[in-house]
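Trainee: Kindly return the folded structure for what I paste below:
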Amino acid sequence: MSGQGQKVRILQVEDSALDAELVLTELDHDGLAYEVTLVEDEQAYVAALDNFAPDIVLSDLSMPVFSGERALQILRDRGSDIPFIFISGTLGEESAIEALRNGATDYILKQNTARLASAVRRALREAEEQRARVRAEQELIRAQRFESLALLAGGLSHDLRNLLQPLLLAGDTLEDYADDPRLARLGTLVRDCGRRGLEMVSSMLSFARGARRAERVKLGALLDALNLLLQGSVPRTVRMEVDVFDPEVAFEGNHTELQQCLLNLSLNAIQAMPDGGSLRIETELVSLPDDFFVEGEQQVPGRYLRLSVIDTGQGMPPEVLERLFEPFFTTKSGGTGLGLLSCKRIVASHGGLMRVRSTVGEGTQFHLYLPLQALEGDQAESQAMDASLQGEAERVLVVVEEAVQLSLLVDTLDAYGYQAGASQSGTAALQWIEAHGVPDLVVMDADMNLFTGVRTLAALLDHGYAGAVLLLARPDAPPNLDELPHLDHLYVIDKPVQSKALLRKVREALGASGPKR
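Mentor: Residues are numbered from 1 along each chain as shown. Below is the predicted model:
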């Protein structure tokens, strides 16, 4: 049915102008807002189905050159669920029953049209309810498919990590042959490819699982993750550019949801350029005045981060733009019509708003505005906090099996002035201790093989270690502390690990246990 406030489109099949007028008079008395197309032969009827796109068909049963039965058959052969009501002066009981069996919605006798308007309203309402049920069922199937995809992504990510991690180790080993530059270069290539693969796997897994809470979103990291997910989806005929005005700009939000929104818009842009073109993702800090906002939007003038997805594709006509955020409206074969609505919801949940500009033959621009009113104060606070998190060259041993996480943790600690040692196994951890001595602090993944973790901690205690241990653990799978050796200072940090949370806990642990040198 047409949207609220729009007229009902009625296709009337009738060869008598007088009878057609009497039918419409009943609808006028009821106050039904409608527009009508009148036809009396098959050719005009088929053309009206295509061009007029009716919400309902009102048809006489028998006419000199066309019949209501034929009109109903054409409609149902098309697989259409448009309501069809017979209006006839000769419809007997048996014919009426047969008509309903063949797919008619209702029948009205011309000598008793008093219930016509209520029958039309009921038919339209029931048709819309049926369409809503079908859409809900399709959306449920779609949601289940995405849930299965997330599970599949998790399994694939785990297997791919196991395959890629040996490449990192092999790369490091090959680089040890410094006297042979060819092997050294090969080692660098193998290691970099393995690390890149692990980053892509981690990004895919993060996207599949989704984020469950607000976090500090950094602009550079957001667009880096988008780049990783788009790799392989951008054809050679499309030139992609990303312009980040300041990668360090950060704000409160949901990283995965924003990533999903930008990914959706980027894929739509690529599909709108089947013959190639340019996809540009721009970022800019803007100030929105009072008159920027339109009716229905919360007017909050101030500083905003603008994220723009711009393509040089086919563009959209005004009639499509008007329905762009209408649920289940889509111009793509097999589309659900929920992608852009989901994007708008995500932006709104961040206190932001969207703008769309499109010209047929020239391309489309989607602009997302996210509020940054407290940006300067946040950055000052962040800088002050960064200073308090700086290390003093304390030695920190990081024991994590996952190569990407290990690398990120070590890089973070190094950047804040710690001497971080990396170990992917208990054996490697013992070798580090033998080479560098007892560390000031140990950071260990609680999801490691139990034997690896217990053996590493036992070896530390044997070497006289009495410092703190930070365990990185998933909130839904806390470690069994009874299985670990006794420790005076034990801390648990939730995964995924946030850099600032880790650094704060490192300072707290070192302050409680003191340096071990």
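Trainee: How many residues are close by residue 303?
Mentor: Using other CB atoms under 10 Å, residue 303 has 14 neighbouring residues. Bear in mind the C-beta positions are built from the backbone N, C-alpha and C, glycine included.
Trainee: looking at this, it is in a helix?
Mentor: No - looking at residue 303 with DSSP: H, G, I helix; E, B strand; the rest coil, it is strand, so not inside a helix.
Trainee: wait, it sits on residue 284?
Mentor: No - look at residue 303 against residue 284 with CB atoms under 8 Å: they stay out of range, at 11.1 Å.
Trainee: pretty sure residue 114 contacts residue 23?
Mentor: No - using CB under 8 Å, residue 114 makes no contact with residue 23, being 11.9 Å away.
Trainee: Compare neighbour counts for these two and give me the winner.
Mentor: Between residue 114 and residue 23, counted using other CB under 10 Å, the more crowded position is residue 23 (23 against 9).
Trainee: list the contacts for that one?
Mentor: When contacts are counted by CB atoms under 8 Å, 6 or more residues apart in numbering, residue 23 is found next to 12, 14, 58, 87, 113, 116.
Trainee: mind listing which of the residues you listed are in helices?
Mentor: Mapping the contacts of residue 23 onto helices (DSSP state H) picks out residue 116.
Trainee: Turn the contacts of residue 23 into TSV, columns for pLDDT and neighbour count.
Mentor: Output for these, formatted as TSV (pLDDT from 0 to 100; neighbours: other CB atoms under 10 Å):
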residue	pLDDT	neighbour count
12	94	22
14	91	21
58	93	28
87	87	26
113	80	17
116	88	25
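Trainee: Is it possible to get the contacts of residue 23 out as a markdown table so that each row also shows distance to residue 235?
Mentor: As requested, the contacts of residue 23 are exported to a markdown table (distance: CB to CB, whole Å):
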| residue | distance to residue 235 |
| --- | --- |
| 12 | 48 |
| 14 | 52 |
| 58 | 49 |
| 87 | 54 |
| 113 | 59 |
| 116 | 55 |
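Trainee: which one of the contacts of residue 23 is nearest residue 443?
Mentor: Of all these, residue 443 sits closest to residue 58, with 74.7 Å by CB to CB.
Trainee: Can you tell me how far that closest one is from residue 280?
Mentor: 51 Å (CB to CB, to the nearest Å).
Trainee: and residue 260, that one's in a helix?
Mentor: Yes - counting by three-state DSSP, residue 260 is located in a helix.
Trainee: Packing partners of the strand or helix carrying residue 98?
Mentor: For residue 98, the host element (DSSP states H and E) is helix 93-101. Applying 3 or more CB pairs under 8 Å, 6 or more residues apart in numbering; DSSP states H and E, one finds that helix 93-101 contacts helix 68-77, strand 106-109.
Trainee: ok, 10 Å please
Mentor: helix 68-77, strand 84-88, strand 106-109 (3 or more CB pairs under 10 Å, 6 or more residues apart in numbering; DSSP states H and E).
Trainee: Turn those into CSV, columns for distance to residue 463.
Mentor: Converted to CSV, these look like this (distance: least, CB to CB, whole Å):
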stretch, distance to residue 463
helix 68-77, 82
strand 84-88, 85
strand 106-109, 87
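Trainee: where among those is the average confidence lowest?
Mentor: Of all the helices and strands packed on helix 93-101, the minimum mean pLDDT falls on strand 106-109 (a mean of 85).
Trainee: Using neighbour counts, pick out the buried residues of it.
Mentor: Neighbour-count burial for strand 106-109, counted by 16 or more other CB atoms under 10 Å, picks out 106-108.
Trainee: Same question for stretch 269-282.
Mentor: Quick answer for stretch 269-282 (16+ other CB under 10 Å): 269-270, 272-273, 277, 279-282.
Trainee: ditto for stretch 252-261
Mentor: Buried-residue list, stretch 252-261, by 16+ other CB under 10 Å: 253-261.
Trainee: Tell me the spacing between residue 308 and residue 355.
Mentor: Counting by CB to CB, the gap from residue 308 to residue 355 is 9 Å.
Trainee: again with residue 389
Mentor: From residue 389 over to residue 355 (counting by CB to CB), the distance is 39 Å.
Trainee: thinking again about what came up before, between all of the buried residues of stretch 252-261, which two are separated the most?
Mentor: 253 and 260 (12.1 Å).
Trainee: Let's see which of the buried residues of stretch 269-282 end up in helices.
Mentor: Using DSSP H, the buried residues of stretch 269-282 in helices are 269-270.
Trainee: hmm, back to that, so which one among the buried residues of stretch 252-261 has the lowest pLDDT?
Mentor: Taken together, the buried residues of stretch 252-261 show their lowest pLDDT at residue 256, with 75.
Trainee: Quick check: it touching residue 225?
Mentor: Yes - counting by CB atoms under 10 Å, residue 225 is a contact partner of residue 256 at 8.8 Å.
Trainee: so which strand or helix has residue 409?
Mentor: Taking DSSP H and E as the definition, residue 409 sits inside helix 403-415.
Trainee: Scan the helices and strands of the protein for the one with the lowest mean pLDDT.
Mentor: One helix or strand of the chain scores below all others by mean pLDDT, DSSP states H and E: helix 375-388, with a mean of 52.
Trainee: next SSE after that helix?
Mentor: Following helix 375-388 toward the C-terminus (DSSP H and E): strand 395-399.
Trainee: How far off centre is that next one?
Mentor: Relative to the centre of its chain, strand 395-399 is centred 36 Å away, using CA atoms, centre = their mean, to the nearest Å.
Trainee: Can you list the strands that it pairs with?
Mentor: The pairing partners recorded for strand 395-399 under DSSP bridges are strand 419-423 (parallel), strand 441-445 (parallel).
Trainee: which residues of the stretch 401-517 of the chain fall in strands?
Mentor: 419-423, 441-445, 468-473, 489-494 (DSSP state E, counting those that start in this stretch).
Trainee: Quick one: the strands in the stretch 151-300 of the chain, in order.
Mentor: 215-218, 238-243, 250-253, 277-288.
Trainee: and of the ones you listed, who's closest to residue 422?
Mentor: Among the strands of the stretch 151-300 of the chain, strand 215-218 sits nearest to residue 422 (CB to CB), with 23.6 Å.
Trainee: mean confidence score for the closest one?
Mentor: Strand 215-218 shows a mean pLDDT of 80.
Trainee: Show me what it packs onto, helices and strands only.
Mentor: Counting contacts by 3+ CB pairs under 10 Å, 6+ apart, strand 215-218 is packed against strand 250-253, helix 255-271, helix 499-513.
Trainee: Partner strands of the first one and their direction?
Mentor: Strands flanking strand 250-253 in the sheet, each with its direction: strand 215-218 (antiparallel) (DSSP bridges).
Trainee: Going by neighbour count, list what's buried in the strand it pairs with.
Mentor: Within strand 215-218, the residues that count as buried by 16+ other CB under 10 Å are 217-218.
Trainee: Dump it to PDB, restricted to CA.
Mentor: This file holds the C-alpha atoms of strand 215-218, laid out as PDB (Å, rounded to 0.1, in the frame of the first residue of the first chain):
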ATOM      1  CA  GLU A 215      34.900   2.900  23.000                       C
ATOM      2  CA  ARG A 216      37.400   5.500  22.000                       C
ATOM      3  CA  VAL A 217      37.300   5.500  18.200                       C
ATOM      4  CA  LYS A 218      40.400   6.900  16.500                       C
END
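Trainee: What lies in contact with that strand?
Mentor: 211, 224, 246-259, 305, 350, 370, 378, 382, 496, 498-500 (CB atoms under 10 Å, 6 or more residues apart in numbering).
Trainee: quick one: low-confidence parts of the stretch 101-250 of the chain?
Mentor: For the stretch 101-250 of the chain, the stretches flagged by pLDDT under 70 are 137-178, 184-185, 187-189, 191-215, 232.
Trainee: Please, where are all the helices along it?
Mentor: In the stretch 101-250 of the chain, the segments counted as helices under DSSP state H, counting those that start in this stretch are 116-175, 181-209, 219-230.
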